[in-house]
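Peer 1: this one's structure only:
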């Protein structure tokens, strides 16, 4: 893998020149403008603080971007993780977030070593859409205090909402006005201006200016230290077996989210740039990054499609874009910290509310509801609700299990179609014997324990018939339960002096017949590739009998 990494680097920078460097620099600065407001907002929303969000984006850009499985991946803190981190913070404080991030990095390395990244392909699209929407709801709910200037308590959003009944909902109108102003700016900001100044950055700058001028009584971001080594950072002495056991579940959730986001980001961006993602190397990069970030005080990170898309659309050529983004964020932290510290919390809440809205995959939601795909709607809705009410890992497992169950229930139907032989419909073949007493049974669907009972109807279909041809071309799989039932059914048909022939039996099904003794009961010479061959064999037998 190391050898392949350097080979990929060589190919990536072959022909690299001043023109490509300038494109990378401009793309990197553009991504910085997009990443800065989000890093601040995600850091504050997680509970760890704005500096933690910036540190996370800086280190993620350097480590994850430098080691990424493709040249275009841009990593940083993401909204999808905020729901988990906020819950961890409520129970264990900043230290809990740092240990959770470190453990998630270890889990990602394990995932990469055992190639578990492929499991992402087993998660149905509606499930991913559902938990993304669920996380969006959690993020929006988590901004109520900052947006309205109120106070609540509780470890979960539900507990916080219920706490208003006790504490009251004494809102700060100045905070509300700032939040609404930010939302309005982000919605109305012209797209042609966004290429130079992203709407989120513009909204924060305007909110900062307004608050500086009016000196409103609202909560502010607070001090931004002029160093990348935050005071609240992870130390190995802070880690204990007890803490590991308590934080393994949220760490697993973070690792799963990171894996899903990073690999889906790579799949989508890879299509744009026509360059595949090395999934295992990407997960190693994500794992190492998340192991390093906590030791500087940052929150967990992953590859982000929004920022990756901005980089590509801005003309980014190589992973230098990610490095430039990190440098831009570092300079912002060191030299603009005194201004960043005075940004109203309500402004960040407004940014997160719009971010939560945009996180929803509205095209996919419109598609599954507009086309009335019942199974997809159920998967989406249950996963979304489970994400809001339960742990995210549980929500994903519920969604995947639900998807598999509904697929089995929907596709377990075994169709049995019976028709008498009509020689007039068989063109190009001459038959000397009238096959009026021959029926063809067409089986369509899987044969396993859930469909085996339907095989019993074959006995009734074979009644008063001299010959029955069972066509199994549309049966691709059969289990031992169905084979056992089939043997009993065929045995009863043969006792009624009805000749049984098979056609179109797939190799895997035939193998099960051979192993179970079914072939021996029927006779290997009565298996044919198609019904025409079976009819001709019957004709030879009947003419010989005459």
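Peer 2: Okay, I see it. Only a predicted model underlies this, so the values are computations on that prediction, with no experimental measurement involved. Numbering: from 1, shown residues only.
Peer 1: low-confidence ranges, the protein, go.
Peer 2: For the chain, the stretches with pLDDT under 70 are 121, 391-393, 407-412, 422-436, 539-546.
Peer 1: which parts of the helix or strand hosting residue 5 are buried?
Peer 2: Residue 5 is part of helix 2-12, with elements assigned from DSSP states H and E. Neighbour counts over helix 2-12 (16 or more other Cβ atoms under 10 Å) mark 5, 8, 12 as buried. Every residue, glycine included, has its C-beta placed from N, CA and C.
Peer 1: residue 87: how many residues sit nearby?
Peer 2: By other Cβ atoms under 10 Å, the residues close to residue 87 number 23.
Peer 1: that one and residue 159 touch, don't they?
Peer 2: No - with contact defined as Cβ atoms under 8 Å, residue 87 does not reach residue 159; the gap is 10.1 Å.
Peer 1: in the stretch 251-400 of the chain, which spans are strands?
Peer 2: Using DSSP state E, counting those that start in this stretch, the strands of the stretch 251-400 of the chain run over 302-303.
Peer 1: dihedrals phi and psi, residue 505?
Peer 2: Backbone torsions for residue 505, taken as degrees, to the nearest 10, come to phi -70, psi 120.
Peer 1: swap that for residue 447, sorry
Peer 2: Main-chain torsions, residue 447, degrees, to the nearest 10: phi -110, psi 100.
Peer 1: and residue 502, how far from residue 526?
Peer 2: Residue 502 sits 7 Å away from residue 526, going by Cβ to Cβ, to the nearest Å.
Peer 1: between those two, what contacts are shared?
Peer 2: Taking Cβ atoms under 8 Å, 6 or more residues apart in numbering as the criterion, residue 502 and residue 526 both touch residue 534.
Peer 1: higher neighbour count, the two?
Peer 2: residue 502 (23 against 16).
Peer 1: the more buried one is in what secondary structure piece?
Peer 2: For residue 502, the element it lies in under DSSP H and E is strand 499-503.
Peer 1: partner strands of that strand, parallel or antiparallel?
Peer 2: As defined by DSSP bridges, the strand partners of strand 499-503 come to strand 467-474 (parallel), strand 527-528 (parallel).
Peer 1: most tightly packed of those?
Peer 2: Highest mean neighbour count of these: strand 467-474, a mean of 21 (counted as mean count of other Cβ atoms under 10 Å).
Peer 1: what's in contact with the helix or strand following it?
Peer 2: Per DSSP H and E, the first helix or strand lying C-terminal to strand 467-474 is helix 480-495. Defining contact as Cβ under 8 Å, 6+ apart, one finds that helix 480-495 is touched by 447-449, 451-453, 455-456, 458-459, 462, 468, 478, 500, 512-513, 516-518, 521-522.
Peer 1: buried ones among those residues?
Peer 2: 447-448, 451-452, 455, 458-459, 462, 468, 478, 500, 512-513, 516, 518, 522.
Peer 1: relative to residue 70, which of those residues is nearest.
Peer 2: The closest of those to residue 70 turns out to be residue 448 (Cβ to Cβ; 40.6 Å).
Peer 1: compute the number of surrounding residues for the closest residue to the closest one other than its chain neighbours.
Peer 2: Excluding its sequence neighbours, the residue lying closest to residue 448 (Cβ to Cβ, 6 or more residues apart in numbering) is residue 479, at 4.3 Å. Residues within reach of residue 479, counting by other Cβ under 10 Å, total 15.
Peer 1: swap in residue 464?
Peer 2: The number of residues packed near residue 464 is 9, by other Cβ under 10 Å.
Peer 1: dump the residue contacts of it.
Peer 2: Contacts for residue 464 (Cβ under 8 Å, 6+ apart) come out as none.
Peer 1: sec struct for it, please.
Peer 2: coil (DSSP: H, G, I helix; E, B strand; the rest coil).
Peer 1: ok, now residue 441?
Peer 2: Per three-state DSSP, residue 441 ends up strand.
Peer 1: that older thread, beyond the strand holding residue 502, next helix or strand please.
Peer 2: helix 507-516.
Peer 1: now the following helix or strand past that following helix, how far from the centre of its chain.
Peer 2: Next along the chain after helix 507-516, taking DSSP H and E as the criterion, comes helix 518-522. Distance, stretch centre to chain centre, for helix 518-522: 47 Å (Cα atoms, centre = their mean, to the nearest Å).
Peer 1: so which elements touch helix 518-522?
Peer 2: Packing partners of helix 518-522 (3 or more Cβ pairs under 8 Å, 6 or more residues apart in numbering; DSSP states H and E): helix 480-495, strand 499-503, helix 507-516.
Peer 1: tell me what angle the first one forms with helix 507-516.
Peer 2: Helix 480-495 and helix 507-516 meet at an angle of 70 degrees, taking axes from the mean of the first three to the mean of the last three Cα atoms, to 10 degrees as the criterion.
Peer 1: give the buried residues for helix 480-495.
Peer 2: The neighbour-count check on helix 480-495 (16+ other Cβ under 10 Å) flags 482-483, 485-487, 489-490, 493 as buried.
Peer 1: ok, now stretch 141-158?
Peer 2: Under the neighbour-count criterion of 16+ other Cβ under 10 Å, stretch 141-158 has 141-150, 152, 156-157 buried.
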